[in-house]
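**Student:** how would this look folded up:
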Amino acid sequence: MTGLQLTALGGAGTVTGSKHLLDHDGGRILVDCGLFQGQKNLRELNWRPLPVEAATIDAVVLTHAHLDHCGYLPRLVREGFTGPIISTAATRDVAELILKDSARLQEQEAMFLNRIKKSKHTPARPLYDSPDAQRALDAFITYPFYQPFHTPGGATGRFRRAGHILGAATVELHWAGRRIVFSGDLGRFDDPVMIAPDPVREADYVVIESTYGDRLHETAAAVDALADAVERTIRRGGTVLIPSFAVGRAQTLLYYLWSLRHSGRLPKVPIYLDSPMAINASELLHAHPNDHRLDPATCDAVGDVATYTRDPEASKRISRSREPKIVISASGMATGGRILHHLKSFGRDRRHTILLAGFQAAGTRGRALQQGATEIKIHGDWTPINAEVADLPGLSAHADADELVKWLKEFHKAPQRVFIVHGEPQAAETFRSRIDRELAWDATVPRQNQTFQL
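**Tutor:** As a prediction, this is how the structure comes out:
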């Protein structure tokens, strides 16, 4: 093979499963290695072999450690990948939380299916297990932001800050005479916790996310809406239940709740962070003080606004309690975890509020709630939803359409081509049209497994 090729193995036409493959003269670099989530037809892709053999991939470069960007790594290792996984130090630490938890959930699901004998396969097996996750973690090599690194096959790279979550980076790769920049997931420019995305000045090709490529965020309005939702729920004696991504979103929510309480706008009711992973992720803020905006004193104060519940029995007591309170629990799209038990407990009662504070992918319970579902299936049974459902998209950790364009405008000259990924079809196409209209750049929305010559 000659020349350099880019293939979208995931994150094309969807916000999950991000995997972008670069090929040059038999060498292969995979940028991100995410798990497909949401609709069943997407989840089933996790079980299908990749179009290339895992053993032929020389290295993985990771933008950040959310499951849709790193969650396939243990499976890649199981399938024969033996190269390095290159990331920032904070991304490696977050990946340890994410991958170990994902492996544990895979194992538990397989055990459950075998116990009830409802699997299509006998016996049911996890996509990967804890030893696979550990082998993936052992393969990490970390580099500071801005320091050049080298990959097998002769590519050189550099991480810059992307905001979004702890350790998140944009990736600049130089290979075969080309400079390719991957946005990963870009954060907000005015995020109170995470540092704003760094500008990038030059690239031959740009691969950019489009999660909110067709929408704008109103953070101030969202914070007011958060305060209003809490106040009216507490006034009627209810509980505010917030499904939250454990890494990034939970910490930002704690910051806003602390700010509201500090300013006297938040009722004095208990706040619970009911997610061991979110608790661990919050503690990582102290381990990486240069990767966020909070000074140590504020970091402590934000952490102290909530009661942390690691113990399952304490979580069950929260579900049984009828006192007014605020509960932040994972997962953010209500696909699993403790949030399901809380939804079963609080979703039936009109006094309570389910507050959606992040992107809800198609096919998830979160999306169903967002679209007004009056019942959702949990643990095999249908649970009626009578609680108020409120949506706060303005609290997203993703850049909105204006911020994505702002980041692109930092380039000193037009790249040869922009590839728009990590967005549902309408968002990606709307963003492509905007790039064409405002910047007059050549922009393409790749299809799954489509290959481009660079």
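**Student:** helices of the protein, start to end?
**Tutor:** All helices of the chain, identified by DSSP state H, fall at 40-43, 67-70, 73-78, 89-116, 130-138, 219-235, 249-262, 276-287, 296-304, 312-320, 339-346, 365-370, 401-408, 425-438.
**Student:** buried sites along stretch 408-424?
**Tutor:** If you call a residue buried by 16 or more other CB atoms under 10 Å, then stretch 408-424 has these buried ones: 408, 411, 415, 417-424. In this view, the C-beta of every residue, glycine as well, is placed from N, C-alpha and C.
**Student:** export that stretch to CSV, keeping only CA atoms.
**Tutor:** Provided in CSV are the C-alpha atoms of stretch 408-424 (Å, rounded to 0.1, in the frame of the first residue of the first chain):
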residue,chain,number,x,y,z
LEU,A,408,-12.1,25.7,13.3
LYS,A,409,-11.6,29.4,12.7
GLU,A,410,-8.4,29.3,14.7
PHE,A,411,-6.7,27.5,11.8
HIS,A,412,-4.6,30.0,9.8
LYS,A,413,-5.6,28.5,6.5
ALA,A,414,-8.2,26.1,5.2
PRO,A,415,-7.3,22.4,5.5
GLN,A,416,-7.6,20.3,2.3
ARG,A,417,-10.6,18.6,3.8
VAL,A,418,-12.6,18.3,7.0
PHE,A,419,-14.2,15.0,8.0
ILE,A,420,-17.2,15.4,10.2
VAL,A,421,-17.7,12.5,12.7
HIS,A,422,-19.2,11.6,16.1
GLY,A,423,-22.6,13.0,15.3
GLU,A,424,-26.1,11.7,14.5
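**Student:** what about it, distance to the chain center?
**Tutor:** Chain-centre distance of stretch 408-424: 21 Å, with CA atoms, centre = their mean, to the nearest Å.
**Student:** likewise stretch 178-197?
**Tutor:** Centroid displacement of stretch 178-197 relative to its chain, using CA atoms, centre = their mean, is 13 Å.
**Student:** compute the first-to-last residue distance for it.
**Tutor:** 23 Å (CA to CA, to the nearest Å).
**Student:** on that earlier part again, biggest separation within the buried residues of stretch 408-424, which pair?
**Tutor:** 411 and 424 (25.2 Å; CB to CB).
**Student:** list phi and psi for residue 200.
**Tutor:** Backbone torsions for residue 200, taken as degrees, to the nearest 10, come to phi -120, psi 130.
**Student:** ugh, wrong one, residue 58
**Tutor:** phi -80, psi -30.
**Student:** ok, it - contacts?
**Tutor:** Contact analysis of residue 58 by CB atoms under 8 Å, 6 or more residues apart in numbering lists 27-29, 83, 151-153.
**Student:** please pick the buried ones from the residues you listed.
**Tutor:** Judged by 16+ other CB under 10 Å, buried ones among the contacts of residue 58: 27-29, 83, 151, 153.
**Student:** which one of these is nearest residue 380?
**Tutor:** Each of those was checked against residue 380 using CB to CB; the closest is residue 83, at 40.6 Å.
**Student:** does residue 11 touch residue 34 like I think?
**Tutor:** Yes. Contact criterion CB atoms under 8 Å: residue 11 and residue 34 qualify, at 6.8 Å.
**Student:** before we move on, the earlier item: which one in the contacts of residue 58 is the model shakiest on?
**Tutor:** Ranked by pLDDT, those bottom out at residue 153 (87).
**Student:** ok, that residue - contacts?
**Tutor:** The contact partners of residue 153, by CB under 8 Å, 6+ apart, come to 24-25, 27-29, 58-59, 175.
**Student:** check residue 389 too.
**Tutor:** Contacts of residue 389 by CB under 8 Å, 6+ apart are 353-354, 356, 369-370, 372.
**Student:** partner residues bridging it?
**Tutor:** Under DSSP bridges, the beta-bridge partners of residue 389 are residue 354.
**Student:** before we move on, the earlier item: find the residues that touch each one of residue 11 and residue 34.
**Tutor:** 17-19, 68.
**Student:** pick out the residue nearest the middle of the chain.
**Tutor:** Centroid-nearest residue in the chain: residue 66, 4.0 Å away (criterion: CA atoms, centre = their mean).
**Student:** my guess is that residue contacts residue 247. True?
**Tutor:** Yes. The criterion here is CB under 8 Å, and residue 66 meets it with residue 247 at 6.7 Å.
**Student:** who touches both of those two?
**Tutor:** Counting by CB under 8 Å, 6+ apart, the common neighbours of residue 66 and residue 247 are 98, 165.
**Student:** residue 44 - how many residues pack around it?
**Tutor:** 10 (other CB atoms under 10 Å).
**Student:** go on, residue 280?
**Tutor:** Using other CB under 10 Å, residue 280 has 19 other residues around it.
**Student:** skip the chain neighbours and tell me the closest residue to it.
**Tutor:** Closest residue to residue 280 apart from its sequence neighbours, by CB to CB, 6 or more residues apart in numbering: residue 97 at 5.3 Å.
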